[in-house]
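# sequence first, then the predicted structure:
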2 protein chains.
Amino acid sequence: MAKAVKAVKAVKAAKKKEKPIILITNDDGVTAPGIRNLIEAVKDLGHIVVVAPDKAQSGMGHAITIGHPLRLSAVNLFEGIEAYQCTGTPVDCVKLAVDKILHRKPDLCLSGINHGANHSINVIYSGTMSAAMEAAIESIPSAGFSLLDYSIEADFTGARKYVRIITELMLKKKLDKHSLLNVNIPAVPESLIKGMKICRQAYAKYEESFLERMDPHSRKYYWLTGEFQNFDKGRDTDVWALENNYVSVVPVQFDLTNYVLKSKLEKSWKQNQ
Amino acid sequence: MAKAVKAVKAVKAAKKKEKPIILITNDDGVTAPGIRNLIEAVKDLGHIVVVAPDKAQSGMGHAITIGHPLRLSAVNLFEGIEAYQCTGTPVDCVKLAVDKILHRKPDLCLSGINHGANHSINVIYSGTMSAAMEAAIESIPSAGFSLLDYSIEADFTGARKYVRIITELMLKKKLDKHSLLNVNIPAVPESLIKGMKICRQAYAKYEESFLERMDPHSRKYYWLTGEFQNFDKGRDTDVWALENNYVSVVPVQFDLTNYVLKSKLEKSWKQNQ
């Protein structure tokens, strides 16, 4: 934790120069190419501190670690960048970074670049977006970035360009402290990307079917599989934007209240209250 | 899986008699007192099928199991009720129940009764609510129930009463297929509960601080701890209702789009699109 002392000093230095502190995390783990590309895209825009899971944590949603303790250790993976790996979930990383490394709230939190889509309903399952949401709950403006390409060899050129544009916009025009963006980048060469579109979340999801197998002891087990289906034909959705080679930007909130249903129930359930 | 055949028959029989199929799950595990109380409260209101985790899964949020397969096995825990335990998360339970046990969507999904509060921001971390949300995404009206008492000896009398009232209301007045309710019950004797209140989600959360400890090998580790703080003084919130001995009912949605910020960014980021 000698590095944590360094972090405190860096935070103080950055504050003096008014350089923003940018916390970077992800859900594919600290060694994933996506996080390296995210760091490369923004490293001159602020003082960067990286706290990311020590292994892949895809599909962890907003899971937190309650039943066992967490470990945190410094890693020398990114030249000139202070970085730590954590044994917990993406959400744990953000909590630990604020409480035990930075000892203050960073000015911005960036999560990703995720290997694979986090558009539509995926926002709910995504560790990348849950880490960003945790930051937004903690009053840290935040964005999660995802590239629609699972390959370890994925081309992040276009993604890096838009990560930088969006980060600059977020730093320049101060957004509300609870602001949270879900950014997805289409898997096409940079030259084919038509620009950004501010979108709503599509009602599109995986239609699950479990693959049933038999183990050597004649006991069944099941693998989660599924096929993506878009039930939402709107042209204002993230899925539409991505299909049409736009970068989709969905502003996300953590107040999950369904106000329409609230009004309805206030009337129709009245006699039962 | 002989029982799964039974489930299919029961589903057919229930359909003939037009008895609703009610899927029950939780996040505290199939042996928790809360799920037994939930079953007791509603077992005569429909054909009940239970699919719940085989161990406690609190704080799992909307996690799904991607990296390893799942097991499912019949359990004889509830008299006359078909029940299964699953090695996965609460969300996995709902997915598996629909795909591999019921082979159709149930008419209603009930999750809980959780041991502990799931009001305010807890809705995001809660396995109980994530299971219910998974059902709502799958077009199954759903409700998650939580009692504000962690004790294994907790008194579920008041909780059972309101679980039943709400389940009957949901079955009687058909709600939209994506309807989802987050119901919390105060930890007071039934006679002191003043009724139900339809609420919005409070901005109230745990202020985390990690407890730092040293292992026998002089390496630090961290336990997540936190103190609950309510930043939201509204009298229309779930936290207010519970503090005033009401059962809180928050209608929940899974479209996380922040439409206010969307409009704002559409204007202010225009030149960059």
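Great, that's in hand.
# next one: stretch A:118-136 to chain centre, how far?
5 Å (C-alpha atoms, centre = their mean, to the nearest Å).
# what's the end-to-end length of it?
Stretch A:118-136 has an end-to-end distance of 17 Å (C-alpha to C-alpha, to the nearest Å).
# cool, stretch A:66-85 as well?
End to end - C-alpha to C-alpha - stretch A:66-85 spans 18 Å.
# check which element follows the helix or strand of chain A with the lowest mean pLDDT along the chain.
Least confident helix or strand of chain A, by mean pLDDT, DSSP states H and E, is helix A:2-17 with a mean of 61. Following helix A:2-17 in sequence order, the next helix or strand is strand A:21-25 (DSSP states H and E).
# which other helices and strands does that following strand contact?
helix A:33-42, strand A:47-53, helix A:90-96, strand A:108-115 (3 or more C-beta pairs under 8 Å, 6 or more residues apart in numbering or on different chains; DSSP states H and E). C-beta: built from backbone N, CA, C; applies to glycine.
# now do the longest one: distance to the chain's middle.
Put plainly, it is helix A:33-42. With C-alpha atoms, centre = their mean, you get 13 Å for helix A:33-42.
# for it, buried residues please.
Of the residues in helix A:33-42, those with enough neighbours to count as buried (16 or more other C-beta atoms under 10 Å in any protein chain shown) are A:Pro33, A:Gly34, A:Ile35, A:Arg36, A:Asn37, A:Leu38, A:Ile39, A:Ala41, A:Val42.
# residues in contact with that helix: which ones?
A:22, A:24-26, A:28-29, A:48, A:50, A:52, A:77-78, A:81, A:110, A:112-115, A:145, A:147, A:152, A:154, A:156, A:159-161, A:163-164, A:167 (C-beta atoms under 8 Å, 6 or more residues apart in numbering or on different chains).
# want to try TSV for the helices and strands packed on strand A:21-25, with mean pLDDT as columns?
Output for these, formatted as TSV (pLDDT from 0 to 100):
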stretch	mean pLDDT
helix A:33-42	97
strand A:47-53	97
helix A:90-96	95
strand A:108-115	96
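# quick one, which of the ones you listed is nearest to B:Phe210?
Nearest to B:Phe210, of all the helices and strands packed on strand A:21-25, is helix A:90-96, at 6.3 Å by C-beta to C-beta.
# what helices or strands is the closest one leaning on?
Using 3+ C-beta pairs under 8 Å, 6+ apart: helix A:90-96 touches strand A:21-25, strand A:47-53, strand A:82-86, helix A:127-137, strand B:204-214, strand B:220-230.
# rerun at 6 Å
helix A:127-137 (3 or more C-beta pairs under 6 Å, 6 or more residues apart in numbering or on different chains; DSSP states H and E).
# how many degrees apart are the helix it packs on and strand A:47-53 in direction?
With axes from the mean of the first three to the mean of the last three C-alpha atoms, to 10 degrees defining the directions, helix A:127-137 sits at 130 degrees from strand A:47-53.
# got the residues of the stretch 101-250 of chain A near chain B?
A:123-125, A:195-196, A:198, A:200-201, A:208-210, A:221-223, A:250 (C-beta under 6 Å from any C-beta of the partner chain).
# flag the least confident of these.
Minimum pLDDT across these is recorded for A:Glu208, with 79.
# helices of the stretch 51-200 of chain A, start to end?
Taking DSSP state H, counting those that start in this stretch as the test, the helices found in the stretch 51-200 of chain A are A:90-96, A:122-125, A:127-137, A:157-172.
# I'd like the ones you listed as CSV, with mean neighbour count appended.
Listed next are the helices of the stretch 51-200 of chain A as CSV, based on neighbours: other C-beta atoms under 10 Å in any protein chain shown:
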stretch, mean neighbour count
helix A:90-96, 29
helix A:122-125, 26
helix A:127-137, 29
helix A:157-172, 19
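# so which of these comes closest to A:Gln57?
That would be helix A:127-137 among the helices of the stretch 51-200 of chain A, by C-beta to C-beta, at 4.7 Å.
# next up, the contacts around A:Ala97.
Shown in contact with A:Ala97 (C-beta atoms under 6 Å, 6 or more residues apart in numbering or on different chains): A:Leu23, A:Val51.
# now swap in A:Ser248 and tell me
A:His119, A:Asn184, A:Lys197, A:Cys199, A:Asp238, A:Ala241, A:Leu242.
# one more pass at 8 Å, please.
A:His119, A:Asn182, A:Val183, A:Asn184, A:Met196, A:Lys197, A:Cys199, A:Asp238, A:Val239, A:Ala241, A:Leu242.
# and it, that one's in a helix?
No - going by DSSP: H, G, I helix; E, B strand; the rest coil, the assignment for A:Ser248 is strand, not a helix.
# mind listing the residues bridging to it?
A:Asn184, A:Lys197 (DSSP bridges).
# what confidence value was assigned to it?
pLDDT at A:Ser248 comes out at 98.
# thinking again about what came up before, return the members of the contacts of helix A:33-42 classed as buried.
Buried among the contacts of helix A:33-42 by 16+ other C-beta under 10 Å: A:22, A:24-26, A:28-29, A:48, A:50, A:52, A:78, A:81, A:110, A:112-115, A:145, A:147, A:154, A:156, A:159-160, A:163-164, A:167.
# wait, A:His62 touches A:Ala131, no?
No - at 9.0 Å, A:His62 does not count as touching A:Ala131 under the criterion of C-beta atoms under 8 Å.
# contact partners for A:Arg200?
Contacts of A:Arg200 by C-beta under 8 Å, 6+ apart are A:Gly234, A:Asp236, A:Thr237, A:Asp238, A:Val250, B:Asp255, B:Thr257, B:Tyr259, B:Lys262.
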